[in-house]
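*Asks:* Sequence plus the predicted model coming up.
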Amino acid sequence: MPVLETPRLRLRRWSDGDWAEMTAINSDPDVMRWIGSGLTLTEEQTKKAIARWEDAWEQRGYGLFAVEVKETGRLAGFTGFAVPAFLPEVMPAVEIGWRLGRPFWGSGIATEAAAEALRFGREACGLTEVLSIVQIGNGASERIMQKLGMQLERETVDPNSGRPVKVYTTGNPDSQE
């Protein structure tokens, strides 16, 4: 059960008490604006999502980390890995993503957490190429992808929401390009 640490953060598996703070994050329209169709999630939907995220850990050995601020113990949100099956044209693939509550925006927490998760993915899970998918217009997440050293691979449309997206990639360091 991996627990990763950065100077400010603890990235860990989900615990029973996390659903309340994650529900507050998922029910904020500003947070959810750039995710899927932009709809907020209920408490029940959040509990089911956390259960799916934990199942992914059991099935794949990687998944979405709960991001906890060390100084306060507060849940800031998540970062980590998922399979982006919602976008069939990029499959098979592993995506890195993040979602933070508004109080944590603009502080570098998303970049710090995602960079540590990416290190874990490469070193502990053997992930050589990782994607990140961002809705066009979400400049904050796009800047994080660029800070992580990711490069734009393509623009396309999310078939579920009909919204245009950009796909960034870490590239495959093992390829002969």
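*Replies:* On my side now, so go ahead. Residues are numbered from 1 along each chain as shown.

*Asks:* tally of neighbours for the closest residue to Ala20 other than its chain neighbours?
*Replies:* Sequence neighbours aside, Glu43 is the residue nearest to Ala20 in space, at 8.0 Å (criterion: Cβ to Cβ, 6 or more residues apart in numbering). Quick note: C-beta positions are derived from backbone N, CA and C, even for glycine. Residues within reach of Glu43, counting by other Cβ atoms under 10 Å, total 14.

*Asks:* and Glu43, what pLDDT?
*Replies:* Model confidence at Glu43, given as pLDDT, is 96.

*Asks:* all helices for this protein, in order.
*Replies:* Here the chain has its helices, by DSSP state H, at 18-26, 29-32, 43-60, 109-123, 139-147.

*Asks:* Gly73 is in contact with Ser15, correct?
*Replies:* No - using Cβ atoms under 8 Å, Ser15 is not in contact with Gly73; the gap is 11.3 Å.

*Asks:* So between those two, which is more surrounded?
*Replies:* Per other Cβ under 10 Å, whichever of Ser15 and Gly73 has more neighbours is Ser15, with 12 against 8.

*Asks:* Please name the residues that touch that one.
*Replies:* If you count contacts by Cβ atoms under 8 Å, 6 or more residues apart in numbering, Ser15 has them with Ala66.

*Asks:* Contact partners for Leu100?
*Replies:* 25, 31, 67, 76-77, 109-110.

*Asks:* Can you pull out the low-pLDDT segments for the protein?
*Replies:* For the chain, the stretches with pLDDT under 70 are 1, 172-177.

*Asks:* can we see that at 90?
*Replies:* 1-2, 16-17, 171-177 (pLDDT under 90).

*Asks:* Thr42 and Glu54, how far apart?
*Replies:* Look at Thr42 and Glu54: by Cβ to Cβ, to the nearest Å, they are 19 Å apart.

*Asks:* higher neighbour count, these two?
*Replies:* Glu54 (15 against 12).

*Asks:* got the helices of the chain as a markdown table, with distance to Arg163 columns?
*Replies:* Shown next, in a markdown table, are the helices of the chain (distance: least, Cβ to Cβ, whole Å):
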| stretch | distance to Arg163 |
| --- | --- |
| helix 18-26 | 18 |
| helix 29-32 | 13 |
| helix 43-60 | 20 |
| helix 109-123 | 20 |
| helix 139-147 | 13 |
